[in-house]
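In: only geometry, no sequence info:
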């Protein structure tokens with residue numbers, strides 16, 4: 001259970017990195033639309049979120065070492081952009097928009113029962 005919680009925590013931390021360029025372009029109106037109540041997420045949406053989160057955690061882990069070994073800020077920025085692009089693609093590959101992914105991520109942080117549902121989905125996949 002700790003492993004799953006750690007994975008979700010890592011995924012939540014990386015979603016900020018993955019979504020920053022996309023969210024910066026959004027208007028306040030579209031950001032408000034992503035604040036959907038947790039009860040409105042289907043099992044399919046939560047499964048897509050769980051799958052994307054696992055991929056994002058893996059991508060984050062892969063790029064962390066590269067970032068630590070980068071020689072300068074320019075190289076670090078290039079690595080961050082590559083990681084960001086891969087994370088966004090992982091979300092899209094799981095039939096979600098970045099906005100949907102972020103909305104579920106925010107709901108999970110605020111709703112322990114929703115977190116448990118997603119953790120259960122992750123456990124079933126392992």
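Out: Sure, I can see it. What you are looking at is a predicted structure, and each value in this text was computed from that prediction instead of being measured.

In: can you mark which positions in stretch 118-126 are buried?
Out: 118, 119, 121, 122 (16 or more other C-beta atoms under 10 Å). C-beta here means a position set from N, CA and C on the backbone, and glycine is covered the same way.

In: any idea which of these is least confident?
Out: In terms of pLDDT, the lowest of the buried residues of stretch 118-126 is residue 122, showing 86.

In: does that one lie in a helix or a strand, and which?
Out: helix 112-125 (DSSP states H and E).

In: just checking, what packs against that helix?
Out: Applying 3 or more C-beta pairs under 8 Å, 6 or more residues apart in numbering; DSSP states H and E, one finds that helix 112-125 contacts helix 2-25, helix 43-69, helix 98-110.

In: could you give the angle of it to helix 43-69?
Out: Helix 112-125 runs at 80 degrees relative to helix 43-69, counting by axes from the mean of the first three to the mean of the last three C-alpha atoms, to 10 degrees.

In: run the angle between helix 112-125 and helix 98-110 for me.
Out: On the basis of the same axes, to 10 degrees, helix 112-125 is oriented at 110 degrees to helix 98-110.
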